[in-house]
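[1] no sequence on this one, just coordinates:
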């Protein structure tokens, strides 16, 4: 059975004036059909897919020989090393962490029997907190640790700083050939990390091996590209993952928007945001293994849809389309995603969901079949004889009821079981929904100019050469004000 989308509680017959009406659907449908037609046009054109960063839609169709080559390198690493340290930030961290938590056994690193000869996997390079990386470097054996760095440019501060430190750590113990314990997943042609790969391999072909980040694939949409080495290392069947994604792509190609799960998900949220002021998107999986997938979705939604300006599209006489930032048409909108987990957060955020401002839509992820169950022993207690799976489903149903009773819109993504196939379908569902919602708003869902602000400020303070003059002047003319009388 495939992944399903239950949207009963998004309509006015469930949550009254806070839900979507049939009239709302009818009024939005012309623009929705226009958006679907445009997205179909882009997805069907290989030049446009790469130009506008939608090549992620074709990642499940990667060649068998490419998957086999990645699996071969993974086997080589697994046979020789006890630990693999991944360095990356954004999708290069969140996608991998989501995959590991969803598809590997809980406590994967702690127990040899769970890993089945796979190495322990650690993630760093995703922050500048010195305490986390220092603990790893003090406790891991450099000779038994392989390092995989994921960065398109090689210049992202968090990942670059971690790599420099880890290189010195390796070199100190391993010696001059430490680069044989490093693999870079980076741009195939340009960037400082690619230049480093070429330079190191010129000296030693076994040093700084590399895999490409494919053209037209942005970081937050790239789990099925940059995440494949990680999946192979931890023993996940990539082919099943791709089968699930392909099945979802077929379902999301349905031109009837009301039968297209991803497009309908986006349309209903679009209407609730535009007409009902539901600006907060709470994703609450009732499965602890899917909490990191919710964290991954936070980046996907926030970076894709939180934009300052609308998009202006221009088409030249040859039919070539260009997307420009329309600085005359301020947008400054985008739903704010919040990651939660059931049942943990029923004792925290759920209070606000039920009785706080009615400005949220909650998306549940319901797993129909868990890998195991635990039955509570004894007699005479309310919980005696009950299984954890039964209690989890009851808790989710009760949470749904509590929201509906207070006219709070919500929906449920039903997952038969957490498997490579279903997880592949789940990620592709969210990616397609996000792409379509971007079309509904007429924004560029595949760039992230707002992220550059903090980067530019850091580069300026660090004295990096080549910063545009306009950026330099803006930082100089808008200094942070820190008056001591406002610090107590």
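    The structure has been received and is ready for your questions. Since the structure is predicted, the reported quantities are computational estimates derived from the model, not experimental observations. Residues are numbered from 1 along each chain as shown.
[2] please enumerate the strands of the stretch 351-488 of the chain.
    Taking DSSP state E, counting those that start in this stretch, the strands of the stretch 351-488 of the chain run over residues 360-367, 410-415.
[3] ranges for the strands of the stretch 1-150 of the chain?
    Taking DSSP E, counting those that start in this stretch as the criterion, the stretch 1-150 of the chain carries its strands at 4-6, 83-87, 120-124, 145-150.
[4] related to what we said a few turns ago, and the strands of the stretch 351-488 of the chain as TSV, adding mean pLDDT?
    TSV is the format used below for these (pLDDT from 0 to 100):
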stretch	mean pLDDT
strand 360-367	98
strand 410-415	98
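[5] which among the strands of the stretch 1-150 of the chain is found nearest to residue 174?
    With respect to residue 174, and counting by CB to CB, the nearest of the strands of the stretch 1-150 of the chain is strand 145-150 at 9.3 Å. For the C-beta atoms, the positions are set from N, CA and C on the backbone; glycine is no exception.
[6] which elements pack onto that closest one?
    Under the contact criterion of 3 or more CB pairs under 8 Å, 6 or more residues apart in numbering; DSSP states H and E, strand 145-150 touches strand 83-87, helix 157-174, strand 182-186.
[7] what is the longest one packed up against?
    Counting contacts by 3+ CB pairs under 8 Å, 6+ apart, the secondary-structure elements packed against helix 157-174 are strand 83-87, helix 130-139, strand 145-150.
[8] tabulate these (JSON lines), appending mean pLDDT, distance to residue 426 and mean neighbour count.
    Below are the helices and strands packed on helix 157-174 laid out as JSON lines (pLDDT from 0 to 100; distance: least, CB to CB, whole Å; neighbours: other CB atoms under 10 Å):
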{"stretch": "strand 83-87", "mean pLDDT": "98", "distance to residue 426": "22", "mean neighbour count": "25"}
{"stretch": "helix 130-139", "mean pLDDT": "97", "distance to residue 426": "28", "mean neighbour count": "12"}
{"stretch": "strand 145-150", "mean pLDDT": "98", "distance to residue 426": "22", "mean neighbour count": "26"}
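[9] closest to residue 120 out of those?
    Comparison of the helices and strands packed on helix 157-174 against residue 120 by CB to CB identifies strand 83-87 as nearest, at 4.8 Å.
[10] so which elements touch the closest one?
    If you count contacts as 3+ CB pairs under 8 Å, 6+ apart, strand 83-87 packs onto helix 91-103, strand 120-124, strand 145-150, helix 157-174.
[11] export those to CSV and tack on distance to residue 379?
    Converted to CSV, these look like this (distance: least, CB to CB, whole Å):
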stretch, distance to residue 379
helix 91-103, 36
strand 120-124, 42
strand 145-150, 51
helix 157-174, 54
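[12] and those: which comes nearest residue 429?
    That would be helix 91-103 among the helices and strands packed on strand 83-87, by CB to CB, at 13.8 Å.
[13] between strand 410-415 and that closest one, find me the angle.
    70 degrees (axes from the mean of the first three to the mean of the last three CA atoms, to 10 degrees).
[14] give me the angle between helix 91-103 and strand 145-150.
    Between helix 91-103 and strand 145-150, the angle comes out at 120 degrees (the same axes, to 10 degrees).
[15] helix 91-103 vs strand 120-124, what angle?
    140 degrees.
[16] can you name every helix or strand that helix 91-103 contacts?
    strand 83-87, strand 120-124, helix 223-226, helix 228-233, helix 291-305, helix 420-441.
[17] go ahead and confirm residue 389 touches residue 375.
    No. Assessed by CB atoms under 8 Å, residue 389 is found out of contact with residue 375, at 9.4 Å.
[18] which of these two has more neighbours?
    residue 389 (16 against 11; other CB atoms under 10 Å).
[19] the residue lying closest to that one once chain neighbours are set aside: neighbour count?
    Counting by CB to CB, 6 or more residues apart in numbering, residue 389 lies nearest to residue 373, which is 4.6 Å off, once chain neighbours are set aside. Counted by other CB under 10 Å, the residues lying close to residue 373 total 11.
[20] ok, back up a step: distance to residue 50 for the strands of the stretch 1-150 of the chain - can I get that in CSV?
    Shown next, in CSV, are the strands of the stretch 1-150 of the chain (distance: least, CB to CB, whole Å):
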stretch, distance to residue 50
strand 4-6, 30
strand 83-87, 26
strand 120-124, 29
strand 145-150, 20
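[21] which one, of the ones you listed, ends up nearest to residue 283?
    Taking CB to CB, strand 4-6 is the member of the strands of the stretch 1-150 of the chain nearest to residue 283, at 13.5 Å.
[22] quick one: strands adjacent to the closest one?
    Note on strand 4-6: by DSSP bridges, its sheet partners are strand 410-415 (antiparallel).
[23] give me the angle between the strand it pairs with and helix 420-441.
    On the basis of the same axes, to 10 degrees, strand 410-415 is oriented at 140 degrees to helix 420-441.
[24] ok, back up a step: can you add distance to residue 96 and give the helices and strands packed on strand 145-150 back as CSV?
    CSV is the format used below for those (distance: least, CB to CB, whole Å):
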stretch, distance to residue 96
strand 83-87, 6
helix 157-174, 13
strand 182-186, 11
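[25] if we can go back for a sec, who wins for proximity to residue 33 among the helices and strands packed on helix 157-174?
    Ranked by CB to CB, the member of the helices and strands packed on helix 157-174 that lies closest to residue 33 is strand 145-150, at 38.1 Å.
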